[in-house]
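> Pasting a predicted model and its sequence here:
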Amino acid sequence: MNLSTPTLETERLRLRPFADTDADDLFELQSNAHVLRYWDSPPWTDRASVARFMAGCRAMAEDGSGVRVAIERRSDRVFVGWCTFNSWNPDFRSGSLGYCLNEAAWGHGYATEVARVLLRWAFDTLDLNRVQSETDTRNVASARVLEKLGFVREGTLREECIVNGDVSDTWVYGLLRREWA
């Protein structure tokens, strides 16, 4: 099943399908070691990663497993990051939420704002019962975003990731339809 990548708007932001013109901004974001310090993969060092990421966006939409959208400020159309709803399982009515924003976008409430509108789209469009999200236990800001959205911390995956030699634990969060409504 093909899943159409939506264009969604909030008061300050627009979520839209990725375009070729996002390549430089995307590479800058994904190659920033500080931004990705809690990520489950190392920063990009090869520009070919952009093409693989964009192909992954298209494949996810085409196979119906999810969507990944670019985030831009509506006022000046500046790229601030991306958000994803993936691992959609229509049988279980579940999926997963993730996001990555550049440093200049931190502390403005953008992650909460975009995640909220993408969750609204996903719950309404896909008849979801559950959405899951994970964050490195050191990433307190991301945990706060999830908790503001109503997610409940359900557990800890101990030493789940090893990136660049650093071992880290992961918190698992869940949000149920009845908690969202």
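Everything's here; your move. Numbering: from 1, shown residues only.
> Strands of this structure, start to end?
Along the chain, counting by DSSP state E, strands occupy 8-9, 13-16, 67-73, 79-89, 94-101, 130-136, 152-163, 166-176.
> Same list (those strands) but as CSV, adding mean neighbour count.
All C-beta spots, glycine's among them, are computed from the backbone N, C-alpha and C. Shown next, in CSV, are those (neighbours: other CB atoms under 10 Å):
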stretch, mean neighbour count
strand 8-9, 14
strand 13-16, 20
strand 67-73, 22
strand 79-89, 21
strand 94-101, 20
strand 130-136, 21
strand 152-163, 12
strand 166-176, 17
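> To residue 33, which of those lies closest?
When the strands of the chain are compared by CB to CB, strand 152-163 sits nearest residue 33, at 10.6 Å.
> next one: that closest one to chain centre, how far?
17 Å (CA atoms, centre = their mean, to the nearest Å).
> Let's see that strand as PDB, backbone CA atoms only.
What follows is strand 152-163, C-alpha atoms only, in PDB (Å, rounded to 0.1, in the frame of the first residue of the first chain):
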ATOM      1  CA  VAL A 152       4.500   7.200  28.900                       C
ATOM      2  CA  ARG A 153       7.900   5.700  29.600                       C
ATOM      3  CA  GLU A 154       7.500   2.000  29.500                       C
ATOM      4  CA  GLY A 155      10.900   0.700  30.000                       C
ATOM      5  CA  THR A 156      14.700   0.800  29.500                       C
ATOM      6  CA  LEU A 157      16.600  -1.200  26.900                       C
ATOM      7  CA  ARG A 158      19.900  -1.600  28.700                       C
ATOM      8  CA  GLU A 159      23.100  -1.000  26.600                       C
ATOM      9  CA  GLU A 160      21.000  -1.100  23.500                       C
ATOM     10  CA  CYS A 161      23.300   1.000  21.300                       C
ATOM     11  CA  ILE A 162      27.100   1.200  20.800                       C
ATOM     12  CA  VAL A 163      27.900   4.200  18.600                       C
END
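> any idea of the mean pLDDT in it?
Averaging pLDDT along strand 152-163 gives 93.
> Parallel or antiparallel, which strands does that strand pair with?
Next to strand 152-163 in the sheet, as set by DSSP bridges, lie strand 166-176 (antiparallel).
> how far off strand 130-136 does the partner strand point, in degrees?
With axes from the mean of the first three to the mean of the last three CA atoms, to 10 degrees defining the directions, strand 166-176 sits at 160 degrees from strand 130-136.
> Next, count neighbours for residue 24.
Counted with other CB atoms under 10 Å, the neighbours of residue 24 add up to 11.
> what about this structure, any weak spots by pLDDT?
Applying pLDDT under 70 to the chain flags the ranges 1, 181.
> mind running it again at 90?
Scanning the chain for pLDDT under 90 picks out the ranges 1-4, 39-42, 61-64, 161-166, 181.
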